[in-house]
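[1] Show me how the following folds:
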Amino acid sequence: MQTSFQPEEITLMGTACDQAWAILQTALMFPSGDYQRSIRRRMAKRVMAALAEGERDPDQLKSIALG
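    Alright, predicted model coming up:
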């Protein structure tokens with residue numbers, strides 16, 4: 001996996017994860033802070049992997065985060 005990202009890639013990652021998280025918050029109830037952190041961490045890992053493979057489409061990254 002890519003170990004570093006350019007500033008625009010970091011922005012893209014943050015936006016995709018934030019938008020995906022907003023969707024999840026309207027659809028699900030999360031019982032604890034630990035569970036929330038775990039979900040967000042998994043979303044970020046998925047998006048980072050997709051970025052490392054060259055994905056740059058914001059909508060596709062959001063879908064990957066929700067995957």
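[2] Please make it C-alpha for all contacts and neighbour counts, starting now.
    Noted.
[3] which ones are touching the closest residue to Arg46 other than its chain neighbours?
    Counting by CA to CA, 6 or more residues apart in numbering, Arg46 lies nearest to Ala65, which is 5.8 Å off, once chain neighbours are set aside. Ala65 makes contact with 16-17, 20, 42-44, 46-47 under the criterion CA atoms under 8 Å, 6 or more residues apart in numbering.
[4] Identify those among these that sit within helices.
    16-17, 20, 42-44, 46-47 (DSSP state H).
[5] May I ask which two of those are separated the most?
    Ala16 and Arg42 (12.9 Å; CA to CA).
[6] Next up, the contacts around the most centrally placed residue in the chain.
    Residue closest to the average C-alpha location in the chain (CA atoms, centre = their mean): Cys17, at 3.2 Å. Cys17 sits next to 40, 43-44, 47, 62, 65 when contact means CA under 8 Å, 6+ apart.
[7] before we move on, back to that, Ala16 and Arg42: who's more crowded?
    Each of Ala16 and Arg42 has its neighbours counted (other CA atoms under 10 Å); Ala16 has more, 24 against 14.
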